[in-house]
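**Q** Next comes the sequence, and after it the predicted model I'd like to discuss.
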Amino acid sequence: MNMRKSGQVFEASRQMVPAVMASCVAAAAIVLSGCGGHGDGAPVVSPAGPVTSAQVPCETLTNTAIPDGIVQSAQSIAAGSFTPPGQASAITGLPAFCRVTVLMQPTPDSDINVEVWLPQTAWNRRFLATGNGGGAGSIAYVTGIAQGLQRGFASANTDLGTSPNINNMIGHPERWNDFGYRANHEMTIAGKALVNAFYKTGPQTSYFSGCSTGGQQALSIAQRYPTDYNGIIAGAPAFNRTHLNAMFSWNLKALNATGAQMTQGKLNMVTANVVASCAGKDGGAPTDGFLTDPRQCNFNPDTLPKCSSSNDDTCLTPAQLTALEATYAGPTNPRTGERIFSGMPFGTENLPLGLVNQQDASAWPSQQLYDLLWTFGAGYDYLSFDFDHNIDTVDALLAPPLNANSADLNDFKSNGGKLIMYNGSSDPGVPLPSEIEYYERVVQDQGADLNATQNFFRYYIVPGMGHCASIGGGAGVGEFGQSYATYLPPDKAHDVLLQLVDWVENQTPPIQLIASKYSTGANPQPVMQRPLCAYPQLPVYQAGDPTAASSFICKDGPRGGVPTPAPRYLN
């Protein structure tokens, strides 16, 4: 999924990110002290303490030897503000750093751009690689590279080798491999080599954090390169990529039937009816404007207002209701009846990347359905997609490089790796059921032992969050230090990255996180907080202020309960 390009949905929110990123930053060593201290009073520190200064001048890094790579530039950036290439707004509150650009070419057809930001002082001896979004095609500056630097990490990102446009990759199978998995490893090679060259010592621990396509990268790394990282954060992972895209094709086709398209107003009406029917019955507070757990919502779409003489935003026509029900049902093989992917969860209808976007027969395919172009060639008629034969053709060509469906994480686990996965309950871009289904498959691979799984892999459902973070929409909480977060968290209790560091380095597993929703305006403040509980637990309202995390406790929720794709669609 693309947080930066989907019909400009996120553009206004994205532009505000750099201006507020420094709201809680006193120094690059935030990882050592927190912003006001860690929630448990214990700082997270690497055993040897921070590296107080670089060992060599930044500009000499152009001489660094990197296998299959060339260092193109190395530039010292002064503390303060920095405007990355192609960005309209400056990122503020940055420590002094060395900005290095690298071109990686593991094959003659590869063209992978990597950028590494190295703190000039107060490096915390850790390496943080960050994920991308959608079809990538450029360095992502809003997925955590700057916030990692502000926490004291040496940080990196890659364009996944699809610059300048993923739709231009027709007939380039090596670039499909780069996008699907190889660019991640190449970024790791480059990043660690530059860390070692700059500080004359390698990172003591290494981390990866990404969401959406970045979440796909995260699971691909855990499955393919289990020794690259000590800790991985996989947000809304688009790991079953060819079948997630089949869901997009399914919805596009259903919503482009005659008279089926819906306005934003109609979808607002649908979501309002869903929330009114189910909010507070799934552990959330009765006053919530979102669902904590869509699995516990038994909404009947047939109860929605029907249009009679008029066709305004207060009702649905028969064609619109039929299309809506198809999006809830999800794609199946019309010949065999086998499920290909889940449908859209209740409560996601009106959000960014939701049905308004997915019905756009022009913009949506150009942003998301590149796999169909790669398979069938330029000029492909997206609305003609055959969910029997065409999906097999796509899978034969692209499931191997793009999908990260394996539930076997034993090599990653054996290496001491720790994995945190999360997803918003209101996410229409990578719907919640796919992550629940994947987690349950990993549990089965661990001998059907939930405890054994939670010893190295924990999953969190974020109540009311849309795609990846608050900028992805949603009426609930959406800020906890993850990729695409707008604000640096105040302490470890609110910071998923620092909790992962603590788990890896101190063997202290995260019990629960605190996620926040911020006000808008000149001085944003938390207006809602809620605990995030390790699946299968969910935050359950007890009493008191429904905007306070203390009004909720983590209790066991249901296991599974989601549509499961047929085995052939988990390839």
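**A** Received it, and whenever you're ready, just let me know what you need.

**Q** in stretch 134-147, what counts as buried?
**A** Taking 16 or more other Cβ atoms under 10 Å as the neighbour-count basis, stretch 134-147 is seen to contain the buried residues 134-147. For the C-beta atoms, the positions are set from N, CA and C on the backbone; glycine is no exception.

**Q** can you redo those residues as a markdown table with distance to N523, secondary structure and pLDDT?
**A** Output for the buried residues of stretch 134-147, formatted as a markdown table (distance: Cβ to Cβ, whole Å; DSSP: H, G, I helix; E, B strand; the rest coil; pLDDT from 0 to 100):
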| residue | distance to N523 | secondary structure | pLDDT |
| --- | --- | --- | --- |
| G134 | 32 | coil | 95 |
| G135 | 36 | coil | 96 |
| A136 | 34 | coil | 96 |
| G137 | 35 | coil | 95 |
| S138 | 32 | coil | 96 |
| I139 | 30 | coil | 97 |
| A140 | 27 | coil | 96 |
| Y141 | 24 | coil | 95 |
| V142 | 22 | coil | 91 |
| T143 | 25 | coil | 94 |
| G144 | 24 | coil | 95 |
| I145 | 26 | helix | 97 |
| A146 | 21 | helix | 96 |
| Q147 | 20 | helix | 96 |
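
**Q** would you turn these into TSV with distance to D178?
**A** Output for the buried residues of stretch 134-147, formatted as TSV (distance: Cβ to Cβ, whole Å):
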residue	distance to D178
G134	15
G135	12
A136	10
G137	12
S138	14
I139	15
A140	16
Y141	20
V142	22
T143	18
G144	21
I145	19
A146	24
Q147	26
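
**Q** what two of those residues are the furthest from one another?
**A** Across these, no pair lies farther apart than G135 and Q147, at 23.0 Å, counting by Cβ to Cβ.

**Q** Output the lowest mean pLDDT helix or strand found in the protein.
**A** Using mean pLDDT, DSSP states H and E, helix 30-33 stands out as the lowest-scoring helix or strand of the chain, at a mean of 32.

**Q** Could you find the closest non-adjacent residue to the spatially most central residue of the chain?
**A** The chain has C211 as the residue nearest its centroid, 1.5 Å off, counting by Cα atoms, centre = their mean. Taking Cβ to Cβ, 6 or more residues apart in numbering, and ignoring the residues beside it in sequence, C211 has G235 as its nearest neighbour in space, at 3.1 Å.

**Q** residues near that neighbour, how many?
**A** For G235, the count of nearby residues is 32 (other Cβ atoms under 10 Å).

**Q** List the buried residues in the longest helix along the chain.
**A** Longest among the helix segments of the chain by residue count, using DSSP state H, is helix 183-199. In terms of neighbour count (16+ other Cβ under 10 Å), helix 183-199 has its buried residues at 183-195, 197-199.

**Q** Who are the packing partners of that helix?
**A** Helix 183-199 makes packing contacts with strand 69-77, strand 97-104, strand 112-119, strand 126-130, strand 154-158, strand 205-211, helix 213-224 when contacts are defined by 3 or more Cβ pairs under 8 Å, 6 or more residues apart in numbering; DSSP states H and E.

**Q** Is it correct that P558 is in contact with R295?
**A** Yes: if you go by Cβ atoms under 8 Å, P558 and R295 touch, sitting 6.2 Å apart.

**Q** The two: which is more packed in?
**A** Neighbours were tallied for P558 and for R295 using other Cβ under 10 Å; the higher tally belongs to R295 (21 against 13).

**Q** Now the more buried one. Nearest residue, chain neighbours left out?
**A** Nearest in space to R295, with sequence neighbours left out and distances taken as Cβ to Cβ, 6+ apart, is G561 at 4.7 Å.

**Q** G377 too?
**A** Looking at G377 with Cβ to Cβ, 6+ apart, the closest residue is I170, at 6.3 Å.
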